[in-house]
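In: Have a look at this fold, sequence not included:
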């Protein structure tokens, strides 16, 4: 079995796996971003160019992160292994930056909620109330999972409506390699290897690395089973080769 096929096979297996609620075993090759107990490993941030973080000196960056903790503890709580946000406050942001990765998580939200997942600190994989077009008049009725800021680019709107009813957990699987993003929502392909637009510098490629952010924007949202698997440089090259890049 050649290397490229092994990578392809491992990706296919990863997409098919599902981590049940409350599972204690971390999927093979993955690392938890949320420990199920507290907000360790996260700080607060809004929609800001992540380059600003890299320009800070070590002590300045440390002080900046610590200054956000009061806000995130006011709006983010952990109950029975589930991460809850009240729809307000700063976005939960990983201390660590990530380059090429596969991210798995589960979420559920409420009517009129509008949220998302920032990749490398850039908005965003969209999450929102898809039940009624008139609520937003922005295409919410097409569903969650699209790359909302891909204006006039492939990936902006999800390929299919895959959201589950309110009260049920949605499972999302995001693969980001190079500039390209693939998203599965509840086992359905909603973004197929689309180049992600750099929201902050639209004429430039998206940044090579940056934090993962969980956006809060006007409605309660809960998260669980948040896992990430980083790709090595060799894996990333093999993945892109399989995609014809």
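Out: Arrived safely. Because the structure is predicted, anything quoted here is derived from the model rather than measured. Numbers count the residues shown, from 1 in each chain.

In: Only C-alpha atoms from now on, for both contacts and neighbour counts.
Out: Will do.

In: which other residues reach the host helix or strand of residue 62?
Out: Element membership of residue 62 [criterion: DSSP states H and E] is helix 58-67. Applying C-alpha atoms under 8 Å, 6 or more residues apart in numbering, the contact partners of helix 58-67 are 43-44, 53.

In: what's the following helix or strand after it?
Out: helix 69-75.

In: who does that next one touch, helix- and strand-wise?
Out: Under the contact criterion of 3 or more C-alpha pairs under 8 Å, 6 or more residues apart in numbering; DSSP states H and E, helix 69-75 touches strand 42-45.

In: Check which residues of the helix holding residue 62 are buried.
Out: For helix 58-67, the neighbour count (16 or more other C-alpha atoms under 10 Å) marks 64-65 as buried.

In: As TSV, the contacts of helix 58-67 with distance to residue 207, pLDDT and neighbour count would be great.
Out: Shown next, in TSV, are the contacts of helix 58-67 (distance: C-alpha to C-alpha, whole Å; pLDDT from 0 to 100; neighbours: other C-alpha atoms under 10 Å):
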residue	distance to residue 207	pLDDT	neighbour count
43	20	98	23
44	20	98	23
53	13	95	15
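
In: Distance from stretch 94-107 to the middle of the chain?
Out: How far stretch 94-107 lies from its chain's middle: 6 Å, per C-alpha atoms, centre = their mean, to the nearest Å.

In: Check stretch 166-181 too.
Out: Centroid separation for stretch 166-181 versus its chain: 6 Å, with C-alpha atoms, centre = their mean.

In: Could you tell me the end-to-end distance of it?
Out: Distance across stretch 166-181, first residue to last, is 26 Å (C-alpha to C-alpha, to the nearest Å).

In: now do stretch 120-137
Out: Terminal residues of stretch 120-137 are spaced 28 Å apart (C-alpha to C-alpha).

In: likewise stretch 227-239?
Out: Stretch 227-239: ends 20 Å apart by C-alpha to C-alpha.

In: in that stretch, what's buried?
Out: Applying 16+ other C-alpha under 10 Å to stretch 227-239 flags 227-231, 235-239 as buried.

In: separation between residue 75 and residue 65?
Out: Distance of residue 75 to residue 65, computed by C-alpha to C-alpha: 16 Å.

In: Restricted to strands, list the buried residues of stretch 227-239.
Out: 227-230 (DSSP state E).

In: In the chain, mark out all the strands, start to finish.
Out: 31-32, 42-45, 76-79, 82-85, 91-94, 101-109, 114-119, 122-128, 170-177, 180-185, 188-195, 213-215, 221-230.

In: Show me what the shortest one is packed against.
Out: Here strand 31-32 is seen to pack against strand 221-230 when contacts are counted using 3+ C-alpha pairs under 8 Å, 6+ apart.

In: ok now the strand it packs on, how far from the chain's centre?
Out: The answer for strand 221-230 is 8 Å, by C-alpha atoms, centre = their mean.

In: okay, the angle between that strand and strand 122-128?
Out: 140 degrees (axes from the mean of the first three to the mean of the last three C-alpha atoms, to 10 degrees).

In: Show me what strand 221-230 is packed up against.
Out: strand 31-32, strand 82-85, strand 101-109.

In: one more time with 10 Å, if that's ok
Out: Helices and strands touching strand 221-230, by 3 or more C-alpha pairs under 10 Å, 6 or more residues apart in numbering; DSSP states H and E, are strand 31-32, strand 76-79, strand 82-85, strand 101-109, strand 170-177, strand 213-215.

In: who wins for proximity to residue 49 among those strands?
Out: strand 213-215 (12.3 Å; C-alpha to C-alpha).

In: Listing partners with orientation, what would you give for the closest one?
Out: For strand 213-215, the paired strands and their directions (DSSP bridges) are strand 91-94 (antiparallel), strand 114-119 (antiparallel).
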